[in-house]
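Q: What follows is a predicted structure for the sequence shown.
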Amino acid sequence: MSGVWRNLLTITAALLRHDTKSRQNSCSCWFWVTPFDVGIQTLKSDKYLQMAESAQLDFGVSIGLPRPRREARCAMVNVQQQIQFGKPIKLFDRVNIETSLVFADTKFVHFQHLYFVRKQHCASVTVNAKFTAGRITVSAVELTA
């Protein structure tokens, strides 16, 4: 349930500071690690992916992606995610996530999420996503151009 709340708060914050950044730039957001996010002391691996999803929402709203998606009547689906762990992230740490659109092709859009705690790189998550309208894949280049 913490992921749903995190997504709602992220969308609300992104809408309040909506500035339609260039798609070439990165977007930064932060989250507190709560007791719902940890096992005993450190952030659970599935929570890295939840935070990456929230960071993607923040990035999408910041660059104005909801309008082209709505016009194309499509949804974004994460197809592949890969985590590279570095330093453990602990309870009550403030995690800064730098999200950038690495590139987009006719099938996929590729995101990179870099996790920082106190300016130290702790992890990275790469995500390949695609836009679908029913069973048809919509060109990611057209939506992110």
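A: That came through, no problem. Fair warning: this is a prediction, and the values are worked out from it, not measured in the lab. Numbering: from 1, shown residues only.
Q: so how far is Phe36 from Ser62?
A: 26 Å (C-beta to C-beta, to the nearest Å). C-beta here means a position set from N, CA and C on the backbone, and glycine is covered the same way.
Q: nope, Asp58 is what I meant
A: Counting by C-beta to C-beta, the gap from Asp58 to Phe36 is 20 Å.
Q: cool, and Val141?
A: Val141 is 38 Å from Phe36, by C-beta to C-beta.
Q: Could you do Ala123 as well?
A: Ala123 is 19 Å from Phe36, by C-beta to C-beta.
Q: Could I get the pLDDT score of Arg17?
A: Note on Arg17: pLDDT of 70.
Q: so who does it touch?
A: Ser62 (C-beta atoms under 8 Å, 6 or more residues apart in numbering).
Q: Please identify the residue most distant from the middle of this structure.
A: Computed with C-alpha atoms, centre = their mean, the residue of the chain farthest from its C-alpha average is Ile40, at 25.0 Å.
Q: pretty sure that residue belongs to a strand, no?
A: No - counting by DSSP: H, G, I helix; E, B strand; the rest coil, Ile40 is not part of a strand but coil.
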